[in-house]
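Asker: Model the structure of this input:
(one chain, ligands or ions: 1)
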Amino acid sequence: MSTMPTLTLYNTLTRTKEDFAPLDSANVRMYVCGPTVYDYAHIGNARPMIVFDVLFRLLRHLYGENNVTYARNITDVDDKINARAFERWSRQRPLLAEMRDLTEGTVAQFNKDLKALNVLDPTHTPRATDFVANGAEPMDMVRIIDKLVARGVAYAAEGHVLFSPSKMDKLPGAPRYGALSKRNRDDMLAGARVDIAPYKRDPMDFVLWKPSNPDTEPGWHSPWGFGRPGWHIECSAMAGALLGEQFDIHGGGIDLVFPHHENEIAQSCCAFGLDKMASVWMHNGFLQVEGRKMSKSDGNFVTIDELLTTTKFGGRAWPGEVLRLAMLKTHYRQPIDWTVRALQDAEAMLIKWGAALRGSGVSFHPRSEPSAQHADVVRALADDLNLQKAITLMHGWANEADRADFSNAHFLVAAGRFLGLEPQKWDRRPSPATFEAVANDTIEPLIALRLAARRAKNFAESDRIRDEFVAMGIVLKDGKDADGNPTTTWEVKR
Ligand SMILES: [Zn+2]
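Answerer: A predicted model of the protein is given here:
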């Protein structure tokens, strides 16, 4: 039994990599902000789902499968959702029921997308609408807002309830507002699209509760009238209800640092009388598509479902594991430029790994024996999710696996499973476009190996490599050049 490596994670709160020490190692708790489900999830939504899925897998490995609690929410109340629900509302039932019906569909689609990306189910996937004013839930949004008003950091005005950062800064024991994003008041006013509203005492104040028009908008009854929650309070309530007032890791996209996460900290710390909400704040980098910010009007908006089931991106549908590997190849804190080329490269890598396993003769089907995890892979991931290092190790093993070194093939299988890249899915035929992309680093070197075997009259080896090509769906044509030297060309089997 090898000793466990120390887990280090980059903490946005301190801007440093820190040794991770859970509050309770028998119950390591992580919260990640999930999507707003008004439509199909896009590829940018997929990134935190995959990144924090890897962290979830790692935490379970380090602390024990039953000692990690992971909550990832679904925001199912939002102005876009409300508007869409109102459009289809028949008035035969409450608008809230219409909204629930609408989001059932988008949530089901989202779950289907995540299944294809091999993202594990978190322990909890709370929906915001179940935590607004749930009589049985002591942490519901209305109760937390009530506490904030009682503590003097929030106030009601014209059917709204607003949180006052300047009051928070005078509350003993509370952290400084702006500490996570390292912004001062001027930065925050400039950075957020702060709307000046007559009911606000200060432009910095943000909404905890807002009134709903019962004829056109869904809402709940509250001490401040019929209304609905602001976005930020949702996560404070769901995290508090499922993980407790204080927990270990809070994650999400880098775009959520301000104002969303800053406001979550403000709400939770002031409501519960704490100096911190989560010990570690982790953020994944931005995602662009073909070098540009993804936007519907620019025509480069890519949903997960489109990538998986249509030919809109690169003229073909992509398997989930290719999407997943393409995502994992970039360090989680770096921006990703999502390109067809990157998908081809990821697929080429999987094909190479699959070919190496086939060559090694190691079974990689799901029912085969689980392989022991290589300590170097665990160590790489424990170093702030250094996936590049883990993938480089896997690549090295793939290079070695077909030299009859079975242990390397076993390590490759184990590491693949650990990263959520199921090895049995590497064993399939790639598309011709991908072959073109991989020819230089996969196909040509194999052909060179086979030519060397033929020259050495090692026909068993040359046949073995030919079989490997056949399994990949490639036909080889042997010939001779002008000087009588053997040559080999290849084409994709029709
Ligand atoms: Zn959130």
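Asker: Contacts only, for the residue in the stretch 1-150 of the chain positioned nearest to the ion.
Answerer: In the stretch 1-150 of the chain, the residue that lies nearest the ion is C33 (3.2 Å; Cβ to the ion). Just so you know, the C-beta spots here come from the backbone N, C-alpha and C atoms, and that holds for glycine as well. Counting by Cβ atoms under 8 Å, 6 or more residues apart in numbering, C33 touches P48, R72, N73, C235, G251, G252, G253, L256, H260, H261.
Asker: By neighbours, which of these wins?
Answerer: C235 (29 neighbours; other Cβ atoms under 10 Å).
Asker: so K293 bridges to which residues?
Answerer: Here K293 sits in beta bridges with Q288, going by DSSP bridges.
Asker: hang on, I meant H42
Answerer: Residues in beta-bridge contact with H42 (DSSP bridges): T303.
Asker: just checking, I50 touches M327?
Answerer: Yes - applying Cβ atoms under 8 Å, one finds I50 in contact with M327, separated by 4.9 Å.
Asker: Could you measure from the residue of the stretch 251-400 of the chain found nearest the ion over to N73?
Answerer: In the stretch 251-400 of the chain, the residue that lies nearest the ion is H260 (5.6 Å; Cβ to the ion). Distance of H260 to N73, computed by Cβ to Cβ, to the nearest Å: 12 Å.
Asker: One more: H42?
Answerer: Counting by Cβ to Cβ, the gap from H42 to N73 is 18 Å.
Asker: Kindly report the same for L256.
Answerer: If you go by Cβ to Cβ, the gap between L256 and N73 works out to 12 Å.
Asker: now do G354
Answerer: For G354 relative to N73 (Cβ to Cβ), the value is 36 Å.
Asker: what's the answer for L95, then?
Answerer: 22 Å.
Asker: again, but for D140
Answerer: Distance from D140 to N73, by Cβ to Cβ: 14 Å.
Asker: and what of T6?
Answerer: 30 Å.
Asker: Out of the contacts of C33, name the ones that lie in strands.
Answerer: R72, G251, G252, G253 (DSSP state E).
Asker: what residues are up against the second one?
Answerer: Contact analysis of G251 by Cβ under 8 Å, 6+ apart lists M30, Y31, V32, C33, P48, V51, F52, L55, W281, M282, H283, N284.
Asker: Same question for the last one.
Answerer: G253 makes contact with C33, G44, R47, P48, H283, N284, F286, according to Cβ under 8 Å, 6+ apart.
Asker: repeat that with 10 Å
Answerer: 32-33, 44-45, 47-48, 51, 260-261, 283-287 (Cβ atoms under 10 Å, 6 or more residues apart in numbering).
Asker: Dig out what it forms beta bridges with.
Answerer: Under the criterion used here (DSSP bridges), G253 is bridged to N284.
Asker: For it, give its distance to K457.
Answerer: 58 Å.
Asker: repeat for the first one
Answerer: Going from R72 to K457 by Cβ to Cβ gives 59 Å.
Asker: Look at P198 and say how many residues are nearby.
Answerer: 6.
Asker: Spit out the contact partners of it.
Answerer: A157, E158.
Asker: I'd like the next helix or strand past the worst-scoring helix or strand of the chain on mean pLDDT.
Answerer: Counting by mean pLDDT, DSSP states H and E, the chain has its least confident helix or strand at helix 432-438, which shows a mean of 61. Counting by DSSP states H and E, the next helix or strand C-terminal to helix 432-438 is helix 444-455.
Asker: On the three-state scheme, E104 is what?
Answerer: helix (DSSP: H, G, I helix; E, B strand; the rest coil).
Asker: pLDDT score for it?
Answerer: Looking at E104, its pLDDT reads 95.
Asker: Can you point out the buried residues in stretch 456-473?
Answerer: Buried residues in stretch 456-473, counted by 16 or more other Cβ atoms under 10 Å: S462, I465, R466, E468, F469, M472, G473.
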